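J.: below are the sequence and a predicted model; questions follow.
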Amino acid sequence: PPPGDIRNCLVALADAEPLMSELFQFRFKDSGEFEGHNFGNLFILAMLKVTGDFEKAIRESSKILAIRGRVVPSTLKRATLVAQHADGTQTVGESNITQTPSRIERLYLQPEGAQATEDAIFAVENADAIVIGPGSLYTSLLPNLLIEDLSAAIARSRAPKIYICNVMTQTHETDGFGAFDHVNTIAEHSHPDVLSHVIVNNGHIPPNILAKYLKGGSIPVKADTEKIRALGYQVIEDNIINVADIVRHNPRRVSKLILEIISADKKRRPAGKKSV
């Protein structure tokens, strides 16, 4: 599997020295055989060659970065991401999909039948909460949910299943999408029960920052809350953004909302009932 998302998860959970995290995210820019390659990706691939096993390579990389928690691949099967577009064309490969302007109508894995890892299923079945997003809808989040036994396990779970909606649309992926469109796309590509809660932003983006995004074709994601509630999901609207030169989710505010959802769920459950 492509190591990029795995690398980002490892770095996000790393307790190692900041220099080590910077090293894992370093991308070679000088001309030469490594130009454009990311050091962290190369490291994980080298660890794969040494260990002979992708899951073991991740575990050993986790030790080096001294991460808190575990990073688990959703599948180990070789599969390619394919997008069916509104104009009838197909795009093969994640990087190509993000460069294609035609609207995506359907996303699927080729070949079909990718199975989830046992660790991924175990993690889902024993979770106090399952948090999906934020991230690129079609090229980061949905590929994991296209794995049928993984999305089925999430759908069966009685734990809160929380989707953190993106704040801005993404060019060539979610042009013109509101929060409802994000949620509905997830449900249509996997299972309606993979979500129970949706967190959407209602915070204000300053005009000078917004203007920069508009030039690139990106607009704020509309918080069309009532349409999402009509699908049967609980919706939490809040100001969940940090705004400096760019717009990003505020991790403290988002964490607080997630913990509040988990706490409310535990109070609602009968005593001794496990969230599986």
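T.: Arrived safely. Numbering: from 1, shown residues only.
J.: so where does the nearest residue to Thr89 once chain neighbours are set aside fall, helix or strand?
T.: In space, and not counting its chain neighbours, Thr89 is closest to Ser102: 6.3 Å by C-beta to C-beta, 6 or more residues apart in numbering. Using the backbone N, CA and C atoms, a C-beta is placed for each residue, glycine as well. Using DSSP states H and E, Ser102 is not contained in any helix or strand.
J.: so how far is His249 from Ser102?
T.: For Ser102, the distance to His249 equals 29 Å [C-beta to C-beta, to the nearest Å].
J.: same thing with Leu145?
T.: Distance, Leu145 to His249, using C-beta to C-beta: 20 Å.
J.: and for Glu188?
T.: Glu188 sits at a distance of 24 Å from His249 (criterion: C-beta to C-beta).
J.: look at those two and report which has more neighbours.
T.: Here Glu188 and His249 are compared on neighbour count by other C-beta atoms under 10 Å; more neighbours surround His249, at 19 against 12.
J.: which residues sit in contact with that one?
T.: Shown in contact with His249 (C-beta atoms under 8 Å, 6 or more residues apart in numbering): 134, 164, 167, 201, 240-242.
J.: repeat the analysis, applying 10 Å as the threshold.
T.: 133-134, 164-167, 199, 201, 240-242, 255 (C-beta atoms under 10 Å, 6 or more residues apart in numbering).
J.: ok, His197 next?
T.: For His197, the contact set (C-beta under 10 Å, 6+ apart) comprises 129-131, 160-164, 233-236, 257-258, 261, 264-265.
J.: and it, how far from Ile132?
T.: Relative to Ile132, His197 is positioned 10 Å away (C-beta to C-beta).
J.: joint contacts of the two?
T.: Joint contacts of His197 and Ile132 (C-beta under 10 Å, 6+ apart) are 161-164.
J.: from those residues, which is closest to Ser61?
T.: When these are compared for distance to Ser61 (C-beta to C-beta), Ile164 wins out at 25.8 Å.
J.: give me the pLDDT for the closest one.
T.: As predicted, Ile164 sits at a pLDDT of 98.
J.: count of residues packed around it?
T.: Ile164 is flanked by 21 other residues according to other C-beta under 10 Å.
J.: surely it is in contact with Val131?
T.: Yes. Between Ile164 and Val131 there is a contact at 6.7 Å, judged by C-beta atoms under 10 Å.
J.: anything in contact with each of the two?
T.: In contact with both Ile164 and Val131: 197, 199, 254, 258, using C-beta under 10 Å, 6+ apart.
J.: of the residues you listed, closest to Ala153?
T.: His197 (17.9 Å).
J.: any buried residues in the longest helix seen in the chain, and which?
T.: Identified as the longest helix of the chain according to DSSP state H is helix 251-268. Neighbour counts over helix 251-268 (16 or more other C-beta atoms under 10 Å) mark 253-254, 257-258, 261-262, 265 as buried.
J.: returning to that earlier point: of the contacts of His197, which belong to helices?
T.: Secondary-structure check on the contacts of His197 using DSSP H: residues within helices are 257-258, 261, 264-265.
J.: mind picking the two most distant members of those?
T.: Spatial extent of these (C-beta to C-beta) is set by the pair Leu257 and Asp265 at 12.8 Å.
J.: verify the stated contact: Cys9 with Gly69.
T.: Yes. Using C-beta under 10 Å, Cys9 is in contact with Gly69, at 9.0 Å.
J.: show me the shaky parts of the chain.
T.: Across the chain, the stretches falling below the confidence threshold (pLDDT under 70) are 1-2, 31, 270-276.
J.: which residues of it fall in helices?
T.: Here the chain has its helices, by DSSP H, at 4-12, 18-25, 39-51, 54-65, 94-97, 118-125, 142-145, 148-156, 179-189, 207-215, 225-229, 251-268.
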